[in-house]
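Asks: Show me how the following folds:
(chains A and B)
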Amino acid sequence: AQSVTQPDIHITVSEGASLELRCNYSYGATPYLFWYVQSPGQGLQLLLKYFSGDTLVQGIKGFEAEFKRSQSSFNLRKPSVHWSDAAEYFCAVQTGANNLFFGTGTRLTVIP
Amino acid sequence: DTAVSQTPKYLVTQMGNDKSIKCEQNLGHDTMYWYKQDSKKFLKIMFSYNNKELIINETVPNRFSPKSPDKAHLNLHINSLELGDSAVYFCASSPTSGGAFSYEQYFGPGTRLTVT
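Replies: Predicted coordinates for the structure are as follows:
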């Protein structure tokens, strides 16, 4: 069965510092992986996706993620965090039925 | 030019009532979804419709019934509302369903349902 684990419930970083949000997945076939961001009171916005090919994928807002099959991970990174990045971040794996399974989310707080 | 819209944004109602949430997408997608986000922010798929046919029906109570009058709309009707139904409900759409290739889903802004 598929599952997604985001081990960090809440992360606090200083503005301008680097960021890494962890995501581990469990899925028997080739995973399609996504990172979504949810700002307070808003819907989900796609940051980036991995389907195949280059394991380092670039997304919007300066985010990138690296797929590591050997570690079953798809960690999200940003070199310099901005105050507007404060939000909830969700990692998700998509099955062949186009069904998205989400992790429990990581809440990012950015301090000045 | 909203891509995926939902109405209402907020819905407060009493236990036992019946309510509907509407969703519309103008992206020309042929698959639409309903997700439930609980108080702990956990998102779980409830239904998926492809070209007006149900293709996923996760283990949700049969008090929840999706209705798709056409492929641009997917409404969610809930009968006999219970306290545990309080959540944020998200509609989403994507351009295809199943097969070896996969497309990202576009989400609506959500409907916060509060049952008192």
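Asks: quick one: low-confidence parts of chain A?
Replies: A:96-98 (pLDDT under 70).
Asks: repeat that for 90
Replies: Counting by pLDDT under 90, chain A shows low-confidence ranges at A:1-3, A:27-32, A:40-43, A:51-54, A:94-101.
Asks: cool, and chain B?
Replies: Looking at chain B by pLDDT under 90, you get B:1-2, B:28-31, B:39-42, B:45, B:47-60, B:62, B:68-71, B:94-105.
Asks: So the residue most central in space within chain A: helix, strand or coil?
Replies: Relative to the mean C-alpha position of chain A, the nearest C-alpha, by C-alpha atoms, centre = their mean, is the one of residue A:35, at 3.7 Å. Three-state call for residue A:35 (DSSP: H, G, I helix; E, B strand; the rest coil): strand.
Asks: Same check on residue A:61?
Replies: Residue A:61 - assigned by three-state DSSP - is helix.
Asks: Please report how far it lies from residue A:46.
Replies: According to C-beta to C-beta, to the nearest Å, residue A:61 and residue A:46 sit 11 Å apart. Just so you know, the C-beta spots here come from the backbone N, C-alpha and C atoms, and that holds for glycine as well.
Asks: ok, the two, which is more surrounded?
Replies: residue A:46 (16 against 12; other C-beta atoms under 10 Å in any protein chain shown).
Asks: Quick check, that one in contact with residue B:104.
Replies: Yes. Between residue A:46 and residue B:104 there is a contact under C-beta atoms under 8 Å: 5.2 Å.
Asks: any common contacting residues for those two?
Replies: residue A:34 (C-beta atoms under 8 Å, 6 or more residues apart in numbering or on different chains).
Asks: Which of the helices or strands spans the residue nearest the centre of chain B?
Replies: Chain B has residue B:34 as the residue nearest its centroid, 2.6 Å off, counting by C-alpha atoms, centre = their mean. According to DSSP states H and E, residue B:34 maps onto strand B:31-37.
Asks: With chain A in mind, check whether that strand reaches it.
Replies: Yes. Interface with chain A: strand B:31-37 contributes B:31, B:33, B:35 (C-beta under 8 Å from any C-beta of the partner chain).
Asks: So which bits of chain B are right by chain A?
Replies: Counting by C-beta under 8 Å from any C-beta, chain B sits next to chain A at B:4, B:31, B:33, B:35, B:40-45, B:48, B:55-56, B:90, B:92, B:94, B:96-110.
Asks: again, 7 Å this time
Replies: Counting by C-beta under 7 Å from any C-beta of the partner chain, chain B comes close to chain A at B:31, B:41-43, B:45, B:48, B:56, B:90, B:94, B:97-98, B:102, B:104-105, B:107-110.
Asks: quick one, strands of chain B?
Replies: B:4-7, B:10-13, B:19-25, B:31-37, B:43-50, B:53-57, B:64-70, B:73-78, B:87-94, B:106-107, B:111-115 (DSSP state E).
Asks: All good on my end, thank you.
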